[in-house]
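>>> Sequence and predicted structure, then a few things I'm wondering about:
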Amino acid sequence: MAQVEFLSEESFKTKVFNHEANKDWKFEGELPCIIDFYADWCNPCKMIAPILEELQAEYDGKINIYKIDTEKEKTLAGMFGIQSIPSLLFVPKDGQPQMAVGALPKDQLKKAITDVLKA
């Protein structure tokens, strides 16, 4: 079963966006994705984690869900201007990514998956 995958700056470049090769947004992935910017000490991040695991199972093969530790990956957090966590970046296959801030309930996440990711 597919699991939520943790990204480093290196894996981010191959799976999401190669910010060193491209100035303009160019999605590198096969499937639309959600990126959860989180930190281990953040309680709302811990609350949303099992929901993201459930969604990864429900949408297996349709979307990927990634996590980026804002404490370890400061360059990526800075690139997206992450001010508060959790911040969720919804990345469609085509078009611009959209950011949502806060621990959204599952029904709102599913609506964003439908509306933004078209999954």
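Sure, I can see it. Residues are numbered from 1 along each chain as shown.
>>> Tell me both backbone torsions, phi and psi, for the closest residue to residue 83 other than its chain neighbours.
For residue 83, ignoring the flanking residues on the chain, the nearest one in space by Cβ to Cβ, 6 or more residues apart in numbering is residue 101 at 7.9 Å. For glycine as for every other residue, the C-beta is placed from the backbone atoms N, C-alpha and C. Per-residue torsions, residue 101: phi -110, psi 140 (degrees, to the nearest 10).
>>> do the one 4 residues further on as well
Backbone dihedrals for residue 105, given as degrees, to the nearest 10, come out at phi -70, psi 160.
>>> host element of the residue nearest to it when sequence neighbours are not counted?
In space, and not counting its chain neighbours, residue 105 is closest to residue 51: 7.9 Å by Cβ to Cβ, 6+ apart. Using DSSP states H and E, residue 51 falls within helix 43-58.
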